[in-house]
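Undergrad: sequence plus predicted model, see below.
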Amino acid sequence: MARKLDIRHFPGFLPITYLCLFLLYAPLIIVMIYSFNDSNSITIWGGASLRWYGEVFWGVESAKFKAAALNSITIAVMAATTATTIATLAATAMLKAGRFRGKSVSFALINLPLMVPEIVTAVATLIFFSAIGFTTGYLTILVAHIVFCIPFAYLPIAARMQGIEDVYEQVALDLYATRFQAFRLILLPLMAPGIISGFLLAFIISLDDFIITNFVKGAGIETLPTAIFGAVKQGIKPNIMAISTLLLLVSVVFVTLSYLVGRMGQNKK
Amino acid sequence: MSEIAVDILNMTKRYGSFVALRDVCLSIKDNEFFTLLGPSGCGKTTLLRTIAGFEAISEGAIKLYGEDIADLPPNKRPVNTVFQQYALFPHMNVRANVIFGLQRLGQDETTARARVDEVLDMVQLMEFADRLPAQLSGGQQQRVALARALAPKPKVLLLDEPLSALDLKLRQSVRQELQQIQQTTGITFVFVTHDQEEALTMSDRIAVIADGQVQQVGSARDIYEAPQNRFVADFIGETNLIDVAVSSVSGGYATCVLPGGDVQFTCPAAAGAVVGHGHLSVRPERVSLVKPQDGLLRGVTTRQVYLGTDMSVDVRLEGGKIITLRLQNSEETHIPEIGDPVGLNFETGTARLLED
């Protein structure tokens, strides 16, 4: 009986599964494979080589991409750090401060950016910056990234914190710790896996962002995604595939790390 | 006259309109093993938490060795708590858990380390000092929690049902250990439990709490043998409560008429017993079986339950009231068959008249 109800035995389960997997991953796999293509064409296979990876690092366009990558990474590190700090404080307030007025409103406000269409945020942010007379550039990208990274950092931190019972803080207070010591010595280490997980997620969200960045970046500054977009507009060259594959690799590593760190903390408990 | 460790004066604790503790007065003596006993939801844990400082009191005062501590935060009160869930810091090993309080008090490293060794030795966990809490059994975790709370030498140690998560065998051995530790350290213990056996076996004195009020304070023997009201009589052990007409009350004794007859019976009376109507409390093991014509009460056997060392026998009186008695299960004891008419007897001193 239970076997019959198992979803694997529904008609069409396998074909649908394979179709989904194909649609999700075939394009990525093709890009990855063709990044090792020796040919100048993006569609004709000309043997395996690392030619286009060499092109990325040492070719004519390498300086442009390196500068963009540097911008992306520095922005991602700073945005993720700031967003994680804010998210940690927000989670502490939301989950450890008991009931307070406006708690559900605060919760909605923290998570709303996840639901607002990105293009709306992008346009709004641009209008906001020009309205207050802020020159668009590196700083505007950074500010915008900090803002949209907060909910992504908040989610794993809050999830982790929900699992930490209040009694630990009470024990710390009972053992003569001040409130700050209880936070620093007990709560913070217990939250650490969530915080690291949140940081990694925020980092990768910032690194990958295109839409908002493209609106607020201003002229003369590129991040890796906008640089790739700019290059693609002039025709797709195989080096784009190499860069995309590298970016994909970084993303996969970070998301996996974020997941593993989050889970490791759970197991330890 | 020994010193008072914790003095709770007319203390009331409200949550909104709900009264968790009502006008509580308690004096816990220095170096005493004091137990707060009551059913779940009676307010005993809340009372403990007001002493620890986790709950602010609404009215009254709490004094610790004469000093009013009602307004001090938990980290300023020289008392420590063993929590029900132990709540060992999961990211710290046993030693780090135990030294935590000493470091917060600013003790120097050498003194603190020596003290940690001392308490770990006391709870026999020396060899586990470097383990993480997750690597310990429930009983070991419980002892770490105890060591951690004892390390700073609190003036009063508060224990919130610390044995409830342990299995029966372990609970019994830990009881003795706790009692021993209390005696060797000389620290005043305030122990919360809903388990009457725990309370009776370990405590110097017990406060029975129900509905946020202290019902009775006394030694195990006091509250078992001289319960002050029906709740205490019923909650501590088993008892038979027999409705009686009270004809006179004087000097701590009352004379009453037993049901189904004209027998006048005089026995100790609790404060508050009045002429008119009352309840006679008689413990099942104090009731003896006699021939029907010799008994204070007469009835018919309706049930017998085998309990190993004892037999429990139910007797229905003529009015329909069931009296339970407990007979020792031995060769000599005559166990009546179901349906047998029997007489029931009890000594004057073993029954107690309680207020209506």
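TA: Nice, I can see it. Numbers count the residues shown, from 1 in each chain, chains lettered A, B, ... in the order given.
Undergrad: near chain A, which residues of chain B are found?
TA: Within chain B, the positions near chain A by CB under 8 Å from any CB of the partner chain are B:52-54, B:73-76, B:79-81, B:83, B:85, B:87, B:89-91, B:100-101, B:104-105, B:134, B:148-149, B:152. Yep, even glycine has a C-beta here, placed from its N, CA and C like the rest.
Undergrad: if you set the cut-off to 6 Å instead, what comes out?
TA: Contact residues, chain B versus chain A (CB under 6 Å from any CB of the partner chain): B:74-75, B:80-81, B:83, B:85, B:87, B:89, B:91, B:100-101, B:104-105.
Undergrad: neighbour-wise, give me the winner out of the residues you listed.
TA: In terms of neighbour count, B:T81 stands highest of those at 31 neighbours, by other CB atoms under 10 Å in any protein chain shown.
Undergrad: tell me the contacts of it?
TA: Counting by CB atoms under 6 Å, 6 or more residues apart in numbering or on different chains, B:T81 makes contact with A:174, B:52, B:158.
Undergrad: the residues of chain B next to chain A: which two are farthest apart?
TA: Across those, the longest distance by CB to CB is 24.0 Å; it joins B:Q85 and B:L105.
Undergrad: using pLDDT, spot the least trustworthy of the residues of chain B next to chain A.
TA: Lowest pLDDT among the residues of chain B next to chain A: B:Q85, with 88.
Undergrad: under a three-state scheme, what state does it occupy?
TA: coil (DSSP: H, G, I helix; E, B strand; the rest coil).
Undergrad: got it, and B:A5?
TA: Recorded secondary structure, B:A5: strand (three-state DSSP).
Undergrad: which residues does the nearest residue to it once chain neighbours are set aside contact?
TA: Nearest in space to B:A5, with sequence neighbours left out and distances taken as CB to CB, 6 or more residues apart in numbering or on different chains, is B:T188 at 4.2 Å. Applying CB under 6 Å, 6+ apart to B:T188 gives the contacts B:5, B:30-32, B:156.
Undergrad: now these in CSV, with secondary structure, distance to B:C42 and neighbour count?
TA: Shown next, in CSV, are the contacts of B:T188 (DSSP: H, G, I helix; E, B strand; the rest coil; distance: CB to CB, whole Å; neighbours: other CB atoms under 10 Å in any protein chain shown):
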residue, secondary structure, distance to B:C42, neighbour count
B:A5, strand, 22, 23
B:D30, coil, 26, 15
B:N31, coil, 26, 15
B:E32, coil, 21, 21
B:V156, strand, 21, 23
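Undergrad: mind checking the longest helix of chain B?
TA: For chain B, the longest helix by residue count, based on DSSP state H, is helix B:168-185.
Undergrad: need the pLDDT of A:M1.
TA: 50.
Undergrad: what sits up against stretch B:39-55?
TA: Contacts for stretch B:39-55 (CB under 6 Å, 6+ apart): B:13, B:20-21, B:36, B:38, B:57, B:73-74, B:77, B:81, B:158, B:160, B:192, B:194, B:209-210, B:212.
Undergrad: what's the answer for stretch B:305-320, then?
TA: With CB under 6 Å, 6+ apart as the contact definition, stretch B:305-320 has outside contacts at B:259-260, B:297, B:299-304, B:322-327, B:329, B:335, B:342.
Undergrad: rewinding a little: and which of the contacts of B:T188 is nearest chain A?
TA: For these, the closest approach to chain A (CB to the nearest CB) belongs to B:V156, at 11.9 Å.
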